[in-house]
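Enquirer: Just need the structure, nothing else, for what follows:
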Amino acid sequence: MRSANPVLDRLDDVGRTERQVLGVGAADTMTVADVVSRTVGLLLLTGVTAAVAWVLVPQAAWISAALAGSALASLVLVLVISLKQITSPPLIAGYAVLQGLLLGVASRAFELVYPGIVAQAVVGTFGVFLGMALLYRARLVRATPRLARLVVGTLIGIVAIGLVNLVTYLFTGKQGVEVYSLSARVGWLPYVFSVVAIIAGALSFVLDFDLVERAARNGLPRRYAWFCAFGLVVGLIFLYWQILRLLSYVRR
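Expert: This next block holds a predicted model:
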């Protein structure tokens, strides 16, 4: 079964190839605990960088440059790491630092307009993540092929529509399924789009948990724990942005 997270999508193939070509001893195999520890470490690095950027980056002078530069660099790193199956801790940590810069500067802009919204988004993000983890562990939600097809198709549609909406906004100034201005009025469509994105993002964790468990069970090399942690952090950041955007709509 594939994951809805594109970063984790090819882990099964990677593990099979490494076992056949290189051979991996039992002492060198990845465990779920390895993934958890590395995920926590990356989240702490992202959080610390975000806090530093929140305090030190001048809002008026550098916000546009910081947002554009860190967003572009983060996108490039996601593509390179995911397509090349890179397991280098420094490179993955670099992604966490860049995302922390982006999150810190952009979140501060939201906070200035809507006080308290960042704390609400953080609590909502981790609440959804932990809720899905508990549902998965209790086997109340299972990673089935039908769920995988539904979630993957929905996320692909969300990303594609979001990109079209962004390009349209940049060239025409019109905002459709996503509203980029922090003060513009919001119709019903952006609400629906955000809710669907949050639901799809939440359900994708079920597929990710299942894939990480199977990767550990099938003997993936330990260094891929960094790659798994990177994929989970990408999913969490996606969910945070969706929740932050929805909360800003509600508080217009």
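
Enquirer: List the residues that contact Y114.
Expert: Contacts for Y114 were tallied using C-beta atoms under 8 Å, 6 or more residues apart in numbering; they are L182, L247, S248, R251. Yep, even glycine has a C-beta here, placed from its N, CA and C like the rest.

Enquirer: The third one touches I117, doesn't it?
Expert: Yes. Using C-beta atoms under 8 Å, S248 is in contact with I117, at 6.4 Å.

Enquirer: Which residue is the nearest non-sequential neighbour of Y180?
Expert: In space, Y180 comes closest to Y169 once its chain neighbours are excluded; the distance is 6.0 Å by C-beta to C-beta, 6 or more residues apart in numbering.

Enquirer: ok, now which ones touch that neighbour?
Expert: Q175, G176, E178, Y180.

Enquirer: Quick one: buried ones out of these?
Expert: For the contacts of Y169, a burial check counting by 16 or more other C-beta atoms under 10 Å picks out Q175, G176, E178.

Enquirer: In TSV, list those along with pLDDT, secondary structure and distance to V196.
Expert: Formatted as TSV, the buried ones among the contacts of Y169 follow (pLDDT from 0 to 100; DSSP: H, G, I helix; E, B strand; the rest coil; distance: C-beta to C-beta, whole Å):
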residue	pLDDT	secondary structure	distance to V196
Q175	78	coil	17
G176	79	coil	14
E178	83	coil	12
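
Enquirer: what ranges do the helices span in the stretch 1-150 of the chain?
Expert: For the stretch 1-150 of the chain, the helices defined by DSSP state H, counting those that start in this stretch cover 11-21, 32-56, 59-84, 89-113, 117-137, 145-172.

Enquirer: Likewise for the stretch 151-252 of the chain?
Expert: Using DSSP H, counting those that start in this stretch, the helices found in the stretch 151-252 of the chain span residues 188-217, 224-250.

Enquirer: closest one to V97 among those helices?
Expert: helix 224-250 (11.8 Å; C-beta to C-beta).

Enquirer: Check which helices and strands the closest one sits against.
Expert: helix 11-21, helix 32-56, helix 59-84, helix 89-113, helix 117-137, helix 188-217 (3 or more C-beta pairs under 8 Å, 6 or more residues apart in numbering; DSSP states H and E).
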